[in-house]
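**Student:** turn this into a structure:
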Amino acid sequence: MELVVLGTSCSNPTVERNLTAVGLRFEGNWYLFDCPEGTQRQMMKAGASYMRVNAIFLSHFHADHILGLPGLIATMSMHGRDYPLHVIGPKGTEREVQKAMNFAMFKKSFEIKVKEVNRGLAFKGEKFTVEAFPLKHDVPCLGFAFKENDKVAEFQREKALKLGIPEGPLWSRLQQGKEVKVKGKAFRPEQVMDYEKGRKGKKVSIVMDTLPSDSYFDAIKESDVLFHEAAFLEKHISRAKETRHSTAKQAAWVAQQTNAKKLVIVHISPRYKKNEDVENEARQEFGNVVVPKDLEKIEA
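**Tutor:** Model prediction:
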């Protein structure tokens, strides 16, 4: 898994910060969380292939979260993409995708599979799931939790070959916990699986525009990495409430309450020039805080 912060600003870009978006690479494919203007250029600078984007998850339809969609889709088409792109977001996503295509005035070369969700399973891969959950913003808005499947045990290839179990579907069945037969002889999973090498899958949660609330705590609990917006500092908390955003201290409180391992603060107002000010406030509530620069890679 690779995580890259493609932007950290809210409302409008600055010289130092593009608008907030997060890129996640897993098993060779990229997954984007929000797609503001400038996203494809940020991806190029980060070495992230926009042609390997499998799915784009949209939190909501404010301009600073979706205006990069027309250009990105147009570039994919011009470069001959011929396999589907998944776009997942709240109710109205189908309409917004159509607007993006109309705005870009191009004929797409590939299928765009749109899914509108409110909560629950948003996307399922072979080795992961993405769950959606509603946030508390001034328009319908979603957060997302990317969860890698747990690894129950490690398959021991050499043991299987020594036992005479041929490579192929039988190996898969053993990894699924099923008994197999080879030339009339039965083999059990525990003969080829090392259960001591099992591990819990990584969890990455992305919380964009929202008032802090325990309504989404269950969805993000025990995240290895929690990306959480913090548009404001506590000195502007009245403005945060008015616009239904979080402060840095509140984002840190959410991380503490949900037992996150690491908090990454994004979606920072351009009025704050120093990342240190945001980080220092968050550390009043939570220790492991990162206030990243654009294009910074995050360890999961």
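
**Student:** what sits against the residue nearest to G80 when sequence neighbours are not counted?
**Tutor:** Nearest residue to G80, sequence neighbours excluded (C-beta to C-beta, 6 or more residues apart in numbering): S109, at 6.3 Å. Any C-beta I mention is one placed from the backbone N, CA and C, and that applies to glycine too. By C-beta atoms under 8 Å, 6 or more residues apart in numbering, the residues touching S109 are 76-77, 80-82.

**Student:** quick one, which of those are buried?
**Tutor:** When these are checked for burial by 16 or more other C-beta atoms under 10 Å, the buried set is 76-77, 81.

**Student:** Throw those residues into TSV and include distance to V225 and secondary structure, thanks.
**Tutor:** Converted to TSV, the buried ones among the contacts of S109 look like this (distance: C-beta to C-beta, whole Å; DSSP: H, G, I helix; E, B strand; the rest coil):
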residue	distance to V225	secondary structure
M76	27	helix
S77	32	helix
R81	29	coil
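
**Student:** out of the residues you listed, the closest to V130 would be?
**Tutor:** M76 (20.4 Å; C-beta to C-beta).

**Student:** ok, that closest one to F286 distance?
**Tutor:** Per C-beta to C-beta, to the nearest Å, M76 is found 38 Å from F286.

**Student:** cool, and A260?
**Tutor:** Taking C-beta to C-beta, one finds A260 at 8 Å from F286.

**Student:** who has more neighbours, those two?
**Tutor:** A260 (23 against 20; other C-beta atoms under 10 Å).

**Student:** the more buried one contacts F227, correct?
**Tutor:** No. Taking contacts as C-beta atoms under 8 Å, A260 lies outside contact range of F227: 10.0 Å.

**Student:** for this protein, longest helix please?
**Tutor:** helix 93-104 (DSSP state H).

**Student:** can you tell me what sits against that helix?
**Tutor:** Here helix 93-104 has contacts from 58, 61, 66, 69-71, 73-74, 87, 89, 108, 112, 114-116, using C-beta under 8 Å, 6+ apart.

**Student:** of these - the most surrounded one?
**Tutor:** Of the contacts of helix 93-104, with other C-beta under 10 Å as the count, G89 tops at 28 neighbours.

**Student:** check contacts around that one.
**Tutor:** With C-beta under 8 Å, 6+ apart, G89 has these contacts: 57-61, 96, 116-117, 142.

**Student:** between the residues you listed, which is nearest Y50?
**Tutor:** F57 (15.2 Å).

**Student:** returning to that earlier point: strands - which of the contacts of helix 93-104 land there?
**Tutor:** 87, 89, 112, 114-116 (DSSP state E).

**Student:** any idea which helix or strand carries N259?
**Tutor:** Secondary structure from DSSP states H and E places N259 outside every helix and strand.

**Student:** I'd like the distance between it and N288.
**Tutor:** Applying C-beta to C-beta to N259 and N288 gives a distance of 12 Å.

**Student:** now W253
**Tutor:** 14 Å.

**Student:** higher neighbour count, the two?
**Tutor:** W253 (18 against 15).

**Student:** my guess is the more buried one contacts E285. True?
**Tutor:** Yes. Proximity of W253 to E285 meets the contact threshold set by C-beta under 8 Å, at 4.8 Å.

**Student:** where exactly do the strands run in the stretch 101-250 of the chain?
**Tutor:** Listed from the start of the chain, the stretch 101-250 of the chain has strands (DSSP state E, counting those that start in this stretch) covering 112-116, 120-124, 128-134, 142-148, 154-155, 180-182, 185-187, 193-194, 203-207, 225-229.

**Student:** adding mean pLDDT and distance to G23, write those out as CSV.
**Tutor:** Converted to CSV, these look like this (pLDDT from 0 to 100; distance: least, C-beta to C-beta, whole Å):
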stretch, mean pLDDT, distance to G23
strand 112-116, 97, 19
strand 120-124, 98, 15
strand 128-134, 98, 14
strand 142-148, 98, 12
strand 154-155, 90, 29
strand 180-182, 95, 40
strand 185-187, 95, 42
strand 193-194, 92, 33
strand 203-207, 98, 11
strand 225-229, 98, 11
